[in-house]
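In: Pasted the sequence and its predicted model underneath.
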Amino acid sequence: MIDPDAECRRLAGFARPSAASPAGFWWLDESGRPDPAEPVHTWITARMTHVFALAHLRGDVPEAAALAAHGIRALAGALRDDEFGGWYASVSGDGEPVGTLKEAYAHAFVVLAASSGVAAGVPGADALLDEALGVVQQHFLDGSGRVVDSLERDLRSGEAYRGANSSMHTVEAFLAAGDVTGDAAWHQRALAIAEHLIHGVARAHGYDLPEHFDLSWSPLLDYNADRPGDPFRPYGCTPGHLLEWSRLLLHLDASLPDAPSWLVEDARALFERAVEVGWSADGETGFVYTTSWDGTPVTRLRLHWVAAEALAAAGALHTRTGEAVYDEWRRRFEDYIETHLVDRELGSWHHELDEHNRPSHVIWHGKPDVYHAYQALLLARMPLAPVLSVQLREPQAAWNERRERPRP
């Protein structure tokens, strides 16, 4: 079995070289070296800032505080658009913008990074969080509180597309913002997004959540049918996202004073459907990346983040229900990760395996970041609320007392 503390230290150590650019955190190759063929991505910089904030709170590596501060400076600096506001999707190593599109996905991670930075006491994180929440609320939520997937640089227009992936990570970000700031309105905004996409759309589709929508949120079931292995917008159902949503619903359930019962019911259903259509669906161990709408595998590659989210979801369901079956699944997923994904030779986890669980590089090259692996090891064993950064900052009892204290 994996020793989560030792593995978190190993992952954080692997990720240290990614801070080589003053513009942010680099994409890493198989050996943990910065990949100069990639720009500095906002989503990677934000995710690594989040990880190093947690690593600082845990004491995983001695330089974690400095690395988290590096990320906060980059997000407040080269990756931020001083003219129009918001954050570029990516910049070159010397800080020049690459493209003009601004993505809700990346902005959600900026909120997460800033929230974790605030909890870890990183200088500048408070101001970054205030700004990021303002940008997201003003520009990336529509009048119904649903996520606007992308905008042009001036934040005035964007693609005729809405997506479940950016919405999911916005829920994650709002949970963190609500816990760190003490403002329960962020939890309610997260609940509204989840209620629409999961209790509404996913439930109506037998919990095979459509990922892609037009501007009126009508599902586009054939979207990217000619690109089934897209890393961010694949065709069909993505079992890994069902697992990720399952866990997020349980965090919401633990965070809300009057949580609706459907949160736990839908979390169970999502997990069961993900296992049914995704786990060993082609006769080989592991989760397939995507399935068609009749439940058959489409992209049979095994991605590390899916196994990480399976581990975290099983742990969360066991924590919430106490049922042994979920702990059995947690152990099964952990065994799979230890056997097939953990790279003891070069470090980190293999980000992609083929259908026979051999290292592969069809969708993902290298080992871009450690976000999914690092936090899954913690999420599988820690309480469901508050978010990890707040749990690591203060005892559970102190947080409960602070949450229950009337706001001035």
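Out: Sure thing, it's come through. Keep in mind it's a predicted model, so treat the numbers as computed, not measured.
In: Please count neighbours and contacts with C-alpha atoms only from this point.
Out: Fine.
In: Setting aside sequence neighbours, what's the nearest residue to the most centrally placed residue in the chain?
Out: By Cα atoms, centre = their mean, the chain has its centre lying nearest to His169, at 5.5 Å. Ranked by Cα to Cα, 6 or more residues apart in numbering and with sequence neighbours excluded, the top spatial neighbour of His169 is Ala108, at 6.0 Å.
In: Tell me the secondary structure at that neighbour.
Out: Under the three-state scheme (DSSP: H, G, I helix; E, B strand; the rest coil), Ala108 adopts helix.
In: so who does it touch?
Out: Going by Cα atoms under 8 Å, 6 or more residues apart in numbering, Ala108 touches Val136, Ser166, His169, Thr170, Glu172, Ala173.
In: Throw the residues you listed into a markdown table and include distance to Ile193 and pLDDT, thanks.
Out: Shown next, in a markdown table, are the contacts of Ala108 (distance: Cα to Cα, whole Å; pLDDT from 0 to 100):
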| residue | distance to Ile193 | pLDDT |
| --- | --- | --- |
| Val136 | 14 | 98 |
| Ser166 | 11 | 98 |
| His169 | 11 | 98 |
| Thr170 | 9 | 98 |
| Glu172 | 11 | 98 |
| Ala173 | 12 | 98 |
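In: Out of those, list just those in helices.
Out: Using DSSP state H, the members of the contacts of Ala108 that fall in helices are Val136, Ser166, His169, Thr170, Glu172, Ala173.
In: if I pick the first one, what's in contact with it?
Out: Counting by Cα under 8 Å, 6+ apart, Val136 makes contact with Ala104, His107, Ala108.
In: can you give me the helices in the stretch 251-400 of the chain?
Out: 262-278, 304-321, 324-336, 371-379, 388-393, 396-404 (DSSP state H, counting those that start in this stretch).
In: pretty sure the residue nearest to the centre of the chain is touching Val111, no?
Out: No. Between His169 and Val111 there is no contact under Cα atoms under 8 Å: 9.9 Å.
In: Ala65 contacts Val122, doesn't it?
Out: Yes. Counting by Cα under 8 Å, Ala65 does reach Val122; the two are 7.2 Å apart.
In: Report the set of residues contacting both of these two.
Out: Each of Ala53 lies in contact with both Ala65 and Val122 under the rule Cα under 8 Å, 6+ apart.
In: Could you check how far Gly99 is from Leu129?
Out: According to Cα to Cα, to the nearest Å, Gly99 stands 24 Å off from Leu129.
In: Looking at these two, which is more packed in?
Out: Between Gly99 and Leu129, counted using other Cα atoms under 10 Å, Leu129 has the larger neighbour count: 24 against 12.
In: helix or strand for that one, which one?
Out: helix 125-139 (DSSP states H and E).
In: centre of the chain versus that helix, how much separation?
Out: 18 Å (Cα atoms, centre = their mean, to the nearest Å).
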